[in-house]
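Colleague: how does the following fold in three dimensions:
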Amino acid sequence: MDATTDKDPLVQEQIYNALCYLGESEPEEILHSCDEYLRQHDKLAYPHRVIILKAMETVVRNSIALLDKSTAKEVIRDWQQAASNVLVAVGQRFINKVMEEVLTKFQPGILPHYFVMQTFANLSVSNGE
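Modeller: Numbering: from 1, shown residues only. Below is the predicted model of the structure:
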């Protein structure tokens, strides 16, 4: 997965494709490996983090029926946290666009999802003066 940091888009695409291919036969193993990699590399630049997150999304979508309930729950939580982190990282440069997207998740009379609130809070902290 370290090759996701390669600047060549073809290499990045190959890593994505390899993760998806491996995820077809060992979805839980790949999801756990991606999760562990993201945890160990919490400073990974967001474009590279997105490659891994997209691969995780594809693996989950293609093997949702095969996943153990506990794995699915853990992956969803971890995936949401990683996605929130990506939004916060992007927000350090494009705060208006990210805030616009996050604010669309606030609906009158409906309690927002935990990760929407967490993303909103982390955006505030990372962009506060």
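Colleague: got the buried residues for the helix or strand of the chain with the lowest mean pLDDT?
Modeller: The helix or strand of the chain with the poorest confidence is helix 69-91; it has a mean of 79 (mean pLDDT, DSSP states H and E). Neighbour counts over helix 69-91 (16 or more other CB atoms under 10 Å) mark 71-72, 74-75, 78-91 as buried. Every C-beta, even on glycine, is put in place using the N, C-alpha and C of the backbone.
Colleague: domain assignment for the chain?
Modeller: For the chain, the structural domains run 1-67, 68-128, going by the TED database.
Colleague: work out the gap between the longest one and the centre of the chain.
Modeller: If you compare the mean C-alpha spot of domain 1-67 with that of the full chain, they lie 10 Å apart, counting by CA atoms, centre = their mean, to the nearest Å.
Colleague: rewinding a little: what does the least confident helix or strand of the chain contact?
Modeller: The contact list for helix 69-91, computed with CB atoms under 8 Å, 6 or more residues apart in numbering, reads 28, 31-32, 35, 38-39, 42, 45-46, 49-50, 53, 56-57, 60, 64, 67, 97-99, 101-102, 115, 118-119, 122-123, 126-127.
Colleague: now those residues: which count as buried?
Modeller: 28, 31, 35, 38, 46, 49-50, 53, 56, 60, 67, 98-99, 102, 115, 118-119, 122-123.
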